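> Sharing a model that was predicted from the sequence below.
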Amino acid sequence: VQLQASGGGLVQPGGSLRLSCAASGSIFSINVMGWYRQTPGKQRELVATITSADITNYADSVKGRFTISRDNAKNTVLLEMNSLKPEDTAVYYCKADVRRYRDRYYFVEYWGQGTLVTVSS
């Protein structure tokens, strides 16, 4: 299973970006998908998650500015980021809890490679 993240880049404060992450490989189903971010010297932190039933959870720092969504048919998770602030600058990672086979009743955690978001004027 591979997760391919894209959409990062340089944006001015107040601007918007859209991150996308597609999972591919042997996938029977995906439970929770999410985005996390990390800056140098700090631990990776949760940004937002979404379950297969579209139940979402957000970090307080991004509530009202970021929106997570998913396309179950395409095994894709999106993160719409609006009103970006310099403190949103980080490498963003996507994660998926994947059940690979019909007869395997457990989920395995997979991570994407990370995409850099820089918010600066």
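Structure received.
> Not counting residues beside it along the chain, what's closest to the residue nearest the centre of the chain?
In the chain, the residue lying closest to the centroid (C-alpha atoms, centre = their mean) is residue 35, at 2.6 Å. Nearest residue to residue 35, sequence neighbours excluded (C-beta to C-beta, 6 or more residues apart in numbering): residue 47, at 4.3 Å. C-beta coordinates here come from the backbone N, C-alpha and C atoms, glycine included.
> what does residue 100 give?
Leaving out its chain neighbours, the residue that sits closest to residue 100 by C-beta to C-beta, 6+ apart is residue 26, at 4.9 Å.
> go on, residue 117?
What sits nearest to residue 117 in space, not counting adjacent residues and going by C-beta to C-beta, 6+ apart, is residue 8, at 4.8 Å.
> Same question for residue 32.
residue 97 (4.8 Å).
> And the strands in the protein, which stretches?
2-6, 9-11, 17-24, 29-38, 45-50, 56-58, 66-71, 76-81, 90-99, 108-111, 115-119 (DSSP state E).
> Can you lay out these as TSV showing mean pLDDT?
Shown next, in TSV, are those (pLDDT from 0 to 100):
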stretch	mean pLDDT
strand 2-6	96
strand 9-11	97
strand 17-24	97
strand 29-38	97
strand 45-50	98
strand 56-58	98
strand 66-71	97
strand 76-81	98
strand 90-99	97
strand 108-111	96
strand 115-119	97
